[in-house]
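# Build the 3D model from these lines:
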Amino acid sequence: MDFKTEFKPLTVQPEEIEGISFQMIDDEVGEHHYTPEQYRVVQRVIHASADFELGKSLLFHPKAMEAGIKAIRSGKKVVADVQMVQSGVNKTRIEKFGGEVNVYISDPDVMKEAKRLNTTRAIIATRKAIKEAEGGIFAIGNAPTALLELIRLIKEEDAKPGLIIGLPVGFVSAAESKEELAKLNVPFITNIGRKGGSTVTVAALNAISILAEQV
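You can find the predicted model right below:
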């Protein structure tokens, strides 16, 4: 391949690119306090974002990895807060165990109810999701209101998720919602601060699904 530039890439082979990237991440991260399973999530979050600060700010409930792997292997549903998360997840690995990835935010009944109550679709979608995804994984990368509503429902014992991946990005309530999540005694993966997003939420979920496939 003839590149019309003085710069030449180290490689153009996809597998080699990923391998080199992961090695560079490992070298820059150095020593860390994460378990091997947790570090697989950290590594993929950094790979997806090129943000070491974000990766190192990840927080894990002690049972998060075990709970996430168990939920996938048990065929539990994955609930995404927005279509971007649903689109990015490797659904083949989820479906292999009988699970599926759902997002409710654009459902007609959700939009109608949100308008009636003058609230966000994310809140109404969360209320719908808990009725259909007990023991499942809630992957929230965009909507802090969805995470806050899920936390409220857990405190009121109306929701029993298997794992919460709560990594919403933004300025309004994003950091605060993650602080509240970190106080709960339920399996979670979250981070400190405003950073996050659908891409890193997908990365975290894909890392767990890869582990679930391994015997």
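# Can you point out the buried residues in the worst-scoring helix or strand of the chain on mean pLDDT?
Scoring the helices and strands of the chain by mean pLDDT, DSSP states H and E places helix 14-29 at the bottom, with a mean of 88. The neighbour-count check on helix 14-29 (16 or more other CB atoms under 10 Å) flags 25, 29 as buried. For every residue, glycine as well, the C-beta is placed using N, CA and C.
# what helices or strands is it leaning on?
helix 36-49, helix 52-56 (3 or more CB pairs under 8 Å, 6 or more residues apart in numbering; DSSP states H and E).
# try 6 Å
In this structure, helix 14-29 makes packing contacts with helix 36-49, judged by 3 or more CB pairs under 6 Å, 6 or more residues apart in numbering; DSSP states H and E.
# May I see the buried residues of the helix it packs on?
37-49.
# Tell me the one of those residues nearest residue 60?
Residue 60 has its nearest neighbour among these in residue 38, at 5.0 Å by CB to CB.
# Quick one: residues contacting that closest one.
Applying CB atoms under 6 Å, 6 or more residues apart in numbering to residue 38 gives the contacts residue 60.
# Likewise for residue 213?
residue 93.
# rerun at 8 Å
93, 96 (CB atoms under 8 Å, 6 or more residues apart in numbering).
# What's the separation between it and residue 100?
16 Å (CB to CB, to the nearest Å).
# cool, residue 135 as well?
In terms of CB to CB, residue 135 sits 14 Å off from residue 100.
# Same check on residue 184?
In terms of CB to CB, residue 184 sits 25 Å off from residue 100.
# returning to that earlier point: what do residue 135 and residue 100 both touch?
Joint contacts of residue 135 and residue 100 (CB under 8 Å, 6+ apart) do not exist.
# so residue 164 is in which element?
Secondary structure assigned from DSSP states H and E places residue 164 in strand 163-166.
# actually residue 138, sorry about that
Counting by DSSP H and E, residue 138 is part of strand 137-140.
# now swap in residue 199 and tell me
Using DSSP H and E, residue 199 falls in helix 198-213.
# For that helix, list the C-alpha coordinates in PDB.
Extracted C-alpha coordinates of helix 198-213, given in PDB (Å, rounded to 0.1, in the frame of the first residue of the first chain):
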ATOM      1  CA  SER A 198     -21.900   5.800  25.000                       C
ATOM      2  CA  THR A 199     -18.600   4.700  23.500                       C
ATOM      3  CA  VAL A 200     -16.900   3.900  26.800                       C
ATOM      4  CA  THR A 201     -20.100   2.300  28.100                       C
ATOM      5  CA  VAL A 202     -20.000   0.000  25.100                       C
ATOM      6  CA  ALA A 203     -16.400  -0.700  25.700                       C
ATOM      7  CA  ALA A 204     -17.000  -1.800  29.300                       C
ATOM      8  CA  LEU A 205     -19.900  -4.000  28.300                       C
ATOM      9  CA  ASN A 206     -18.000  -5.600  25.400                       C
ATOM     10  CA  ALA A 207     -15.100  -6.400  27.800                       C
ATOM     11  CA  ILE A 208     -17.500  -8.200  30.100                       C
ATOM     12  CA  SER A 209     -19.100 -10.100  27.300                       C
ATOM     13  CA  ILE A 210     -15.600 -11.200  26.100                       C
ATOM     14  CA  LEU A 211     -14.900 -12.600  29.600                       C
ATOM     15  CA  ALA A 212     -18.300 -14.300  29.700                       C
ATOM     16  CA  GLU A 213     -17.400 -16.200  26.500                       C
END
